[in-house]
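1. requesting a structural model of the entry that follows:
(one chain, ligands or ions: 1)
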Amino acid sequence: MAAAAAGLASIWRLSHRLRPLQVISFPVLQLHMSRIAMGGSQKDFEMAVNQVKRLKNEPGNEVKLKLYALYKQATEGPCNMPKPGMFDFINKAKWDSWNALGNLSKETARQNYVELVSNLSASEPSSPGKPGAGRKQAGYDTLVVTSEDGITKIMFNRPTKKNALNHQMYQELMAALEAAGKDDSAITVITGNGDYYSSGNDLNNFTDSLQDDIEKSAQNAAILLRNFVGCFIDFPKPLIAMVNGPAVGIPVTLLGLFDIIYASDRATFHTPFSHLGQSPEGCSSYMFPKIMGSAKAAEMLIFGKKITAKEACAQGLVTEVFPDSTFQKEVWTRLKVYAKLPPNAMRISKQLIRNMEKEKLHAINSEECRVLQSRWQSEECANAVMNFLSRKAKL
Ligand SMILES: CCCCC/C=C/CC(=O)SCCNC(=O)CCNC(=O)[C@H](O)C(C)(C)COP(=O)(O)OP(=O)(O)OC[C@H]1O[C@@H](n2cnc3c(N)ncnc32)[C@H](O)[C@@H]1OP(=O)(O)O
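-> Here you go, the predicted model:
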């Protein structure tokens, strides 16, 4: 998979090396990008091709394949290459992606390409005009934290690891939430960089626990988890999740503690705890049945059923779903308006809602951590983690 990713990266670079870079000033670029978002002339298309080379955020393989396919369709029309052999993984992925566009017209492909690039550049940290895009805060390696227009944005930033949460990321998230709770922003947004929202707990976190003092490691992990989830229970301001792609494990369970959850239609929600020999956390053992009813919650939390964004919305876990192509633009536009509401009123309302159950949630969090502490020392859990780390199993 790593080789495939490296291969895709080089193909990506090659397939986009078309023309020399044009130097475009930001205001001009902004003007063009807003025109680009509306339509997609040949000139807009060429600008978008150039813009792709300047993206700072790694878009992830799925998006790269989409861009590749749209580019080929826009310039050459329907897929005209012979299908690569089944072990030629990279070319097969590219071929599948291009071929999936069928008879889409060159013009529509050009427009879709331009729109996709416009959305990608809107989510760039340095992109002008985007809420939360400015003033990148120092001190974070695994996150990008920015504050602007009354919005603090905390972005998981390990895209090559599907934004899996390693120990450092847990610590940095706690620090970022602590700071965001006290800063002068009105709302806080959590999202992911790349094609995933987050693939959950970094399974390498367990390698410690599989060494000598398993009991002590499990105890330390339970303390870390309890403190981490506690930060979400106590967070004093409106907390919004922008679920930009698939989510697995703890980033899903925590959603029950957010105030609003907006999801791309590409997002999926998966809590495979039984598969991993583990049990629910993030207060989901209480919040999920409360949100979606016990039967639907059991399907997710006990049987690990993966649900789509549309299903999550129908079950009340997600507030609203947006087409992936307009997700960034639509959500940021809306949040920018919300962030202008009187901040104290929003804060007080949030606390009124939360305070009813705060004590209960802390008790549930402690109990979930207690149970997990023992699960982490079980053979079921050790086998599941070893299977993933030795590349024998993937969800
Ligand atoms: C303090 C402790 C608190 C504990 C709290 C408990 C929380 C419970 C959970 O969160 S349970 C959920 C755990 N997550 C998983 O089991 C997901 C495991 N990952 C996968 O199954 C797959 O990676 C995938 C389905 C998410 C994505 O598959 P895909 O084929 O698209 O991509 P790759 O597998 O090639 O992934 C790219 C690289 O990212 C690494 N990676 C992805 N997820 C994790 C992860 N959770 N932990 C560690 N590493 C992860 C993957 O290994 C690849 O790395 P490589 O390029 O170096 O090989």
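2. from now on I want contacts and neighbour counts done on CA atoms only, so please keep to that.
-> Noted.
3. buried residues in the helix or strand containing residue 215, which are they?
-> Secondary structure from DSSP states H and E places residue 215 in helix 214-233. Along helix 214-233, these residues count as buried under the neighbour rule (16 or more other C-alpha atoms under 10 Å): 214-215, 217-219, 221-222, 224-233.
4. and if you look at stretch 294-312?
-> Counting neighbours by 16+ other C-alpha under 10 Å, one finds that the buried residues in stretch 294-312 are 294, 297-298, 300-302, 304-310, 312.
5. which stretches of the stretch 151-300 of the chain form helices?
-> Along the stretch 151-300 of the chain, counting by DSSP state H, counting those that start in this stretch, helices occupy 167-182, 206-209, 214-233, 250-253, 284-292, 294-301.
6. the last one - contacts with which helices or strands?
-> What it means is helix 294-301. helix 284-292 (3 or more C-alpha pairs under 8 Å, 6 or more residues apart in numbering; DSSP states H and E).
7. tell me how far the ends of stretch 301-320 are from each other?
-> The first and final residues of stretch 301-320 sit 22 Å from each other (C-alpha to C-alpha, to the nearest Å).
8. if we can go back for a sec, nearest to residue 105, of the helices of the stretch 151-300 of the chain?
-> Within the helices of the stretch 151-300 of the chain, the stretch nearest residue 105 is helix 250-253; the backing value is 37.8 Å (C-alpha to C-alpha).
9. which residues touch the closest one?
-> Counting contacts by C-alpha atoms under 8 Å, 6 or more residues apart in numbering, the residues outside helix 250-253 that touch it are 198-201, 269-271, 280-284, 288.
10. rerun at 7 Å
-> The list of residues contacting helix 250-253 from outside it, by C-alpha atoms under 7 Å, 6 or more residues apart in numbering, reads 198, 200, 201, 269, 270, 271, 281, 282, 284.
11. and for stretch 286-297?
-> Taking contacts as C-alpha under 7 Å, 6+ apart, the residues outside stretch 286-297 that touch it are 256, 315, 316, 317.
12. circling back to that earlier point, pull the most distant pair out of the buried residues of stretch 294-312.
-> Of all pairs drawn from the buried residues of stretch 294-312, the one with the largest separation by C-alpha to C-alpha is 302 and 310; the distance is 20.7 Å.
13. tabulate the CA atom coordinates of stretch 95-104 in CSV.
-> The C-alpha trace of stretch 95-104 is given here as CSV (Å, rounded to 0.1, in the frame of the first residue of the first chain):
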residue,chain,number,x,y,z
TRP,A,95,-7.9,3.3,-15.2
ASP,A,96,-10.9,2.4,-13.0
SER,A,97,-11.2,6.0,-12.0
TRP,A,98,-11.1,7.4,-15.6
ASN,A,99,-13.3,4.6,-16.9
ALA,A,100,-15.9,5.3,-14.2
LEU,A,101,-16.6,8.6,-15.9
GLY,A,102,-18.1,6.8,-18.8
ASN,A,103,-19.3,9.2,-21.6
LEU,A,104,-19.2,12.3,-19.5
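14. so what touches that stretch?
-> By C-alpha under 7 Å, 6+ apart, the list of residues contacting stretch 95-104 from outside reads 65, 66, 69, 73, 78, 79, 83.
15. does the fifth one belong to a helix or a strand, and which?
-> Using DSSP H and E, residue 78 maps to neither a helix nor a strand.
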